[in-house]
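A.B. asks: Next one to model:
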Amino acid sequence: MNTQVVLITGGLTGIGRAAAVAFAKKGAKVVVAGRRDEAGKALVEELRSFGSEAEFINTDVRKESDVRAMVDKTVARFGRLDVAVNNAGTEGQVGPITDQTAESYAATFDTNVLGVILSMKHEVRVMQGQGSGSIINISSTYGHEGAAGASVYVGSKHAVEGITKSVALEIAKSGIRVNGVAPGPTDTGMLTRFTGTQDNKAALVTGVPMARLGLSEELADAIVFIASDQASFITGHILNVDGGHSAN
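C.D. replies: Modelled structure (predicted):
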């Protein structure tokens, strides 16, 4: 792999953190973005221990000024932007539709959808000037399925997948590829919050043909692949990484 400059939003925990480590181990220059300075600085030290040049940028993806600054600081530090992984997300307020409010909708969609739109806007701005780049939006298998008690979250991930495909078509001739990675049930803090109990988490496994939860590291490997030159003719695709769950 050529030395890539990689930007990861929501890079401090779960799949985003695993992706940062995976890219660093491949020799990439990695920028992680998030909202917790102490955790960001600790992760940067870990990434540097692998020989990576790494930086942390405090960013709230719901704010365009933060997103613009995040991208511009990445380019100022490393000279370009080759890969962007738009991973920042929230499960929102889990529960029946009768419990949802305008506030719970906004809290979920502002991070999961607006955050992706603003991130892509400024990532594409830079990548168009280079004539190359790869953007990976993190969705969910719920982005093309339904899930009881998760209507707002599911809606946000449907939106992410539609936006991913639309932007991929819009800029297909520019040298920029846009894809999504859709995790199935993956053993992360978000899944723990989403399910609420160990019994609920275990119940998810029954719908996975491989009979286990995925690991963040397995999702990270898929992200690294789809960002690489080995995936150079793939764009507008949503890659399911779900232990066969979508094949059921």
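A.B. asks: which of the residues in stretch 83-98 are buried?
C.D. replies: 83, 84, 85, 86, 87, 88, 89, 90, 91, 92, 93, 94 (16 or more other C-beta atoms under 10 Å). From N, CA and C alone the C-beta is placed, and that goes for glycine too.
A.B. asks: what are the ranges of the helices in this structure?
C.D. replies: Using DSSP state H, the helices of the chain run over residues 14-25, 37-49, 64-78, 102-109, 115-130, 151-170, 189-195, 198-205, 216-227.
A.B. asks: looking only at pLDDT, what's the mean for the shortest one?
C.D. replies: Taken as a whole, helix 189-195 has an average pLDDT of 80.
A.B. asks: Tell me which other helices or strands it touches.
C.D. replies: Counting contacts by 3 or more C-beta pairs under 8 Å, 6 or more residues apart in numbering; DSSP states H and E, helix 189-195 packs against helix 198-205.
A.B. asks: what about the helix it packs on, distance to the chain center?
C.D. replies: Distance of helix 198-205 from its chain centroid, counting by C-alpha atoms, centre = their mean, to the nearest Å, is 24 Å.
A.B. asks: Quick one: list the elements packing against it.
C.D. replies: Looks like helix 198-205 contacts helix 189-195 (3+ C-beta pairs under 8 Å, 6+ apart).
A.B. asks: Tell me who's in contact with the residue nearest to the spatial centre of the chain.
C.D. replies: Centroid-nearest residue in the chain, with C-alpha atoms, centre = their mean: residue 87, separated by 2.1 Å. Contact analysis of residue 87 by C-beta atoms under 8 Å, 6 or more residues apart in numbering lists 8, 9, 10, 11, 15, 16, 19, 138.
A.B. asks: again, only using 10 Å
C.D. replies: Going by C-beta atoms under 10 Å, 6 or more residues apart in numbering, residue 87 touches 8-20, 32-34, 61, 115-116, 119, 136-138, 181, 219, 223.
A.B. asks: Residue 204 too?
C.D. replies: Residues counted as contacts of residue 204 (C-beta under 10 Å, 6+ apart) are 184, 185, 186, 191, 194, 195, 213, 245.
A.B. asks: Just give me the closest of those residues to residue 43.
C.D. replies: residue 186 (19.1 Å; C-beta to C-beta).
A.B. asks: So that closest one sits against residue 195, correct?
C.D. replies: No. At 11.6 Å, residue 186 does not count as touching residue 195 under the criterion of C-beta atoms under 10 Å.
A.B. asks: Contacts for the lowest-mean-pLDDT helix or strand in the chain next, please.
C.D. replies: Least confident helix or strand, the chain: helix 189-195 with a mean of 80, by mean pLDDT, DSSP states H and E. The contact list for helix 189-195, computed with C-beta under 10 Å, 6+ apart, reads 10, 13-15, 89-92, 94, 140, 142, 147, 149-150, 153, 183, 185, 188, 198, 200-204, 213-214, 216.
A.B. asks: switch the cut-off to 7 Å
C.D. replies: With contact meaning C-beta atoms under 7 Å, 6 or more residues apart in numbering, helix 189-195 is reached by 13, 14, 91, 94, 185, 201, 204.
A.B. asks: What number of residues are in the vicinity of the nearest residue to residue 125 once chain neighbours are set aside?
C.D. replies: Spatially, and ignoring its direct neighbours in sequence, residue 125 is nearest to residue 71 (7.4 Å; C-beta to C-beta, 6 or more residues apart in numbering). A total of 26 residues lie near residue 71 under the criterion other C-beta atoms under 10 Å.
A.B. asks: If anything else comes up later, I'll come back, but that's it for now.
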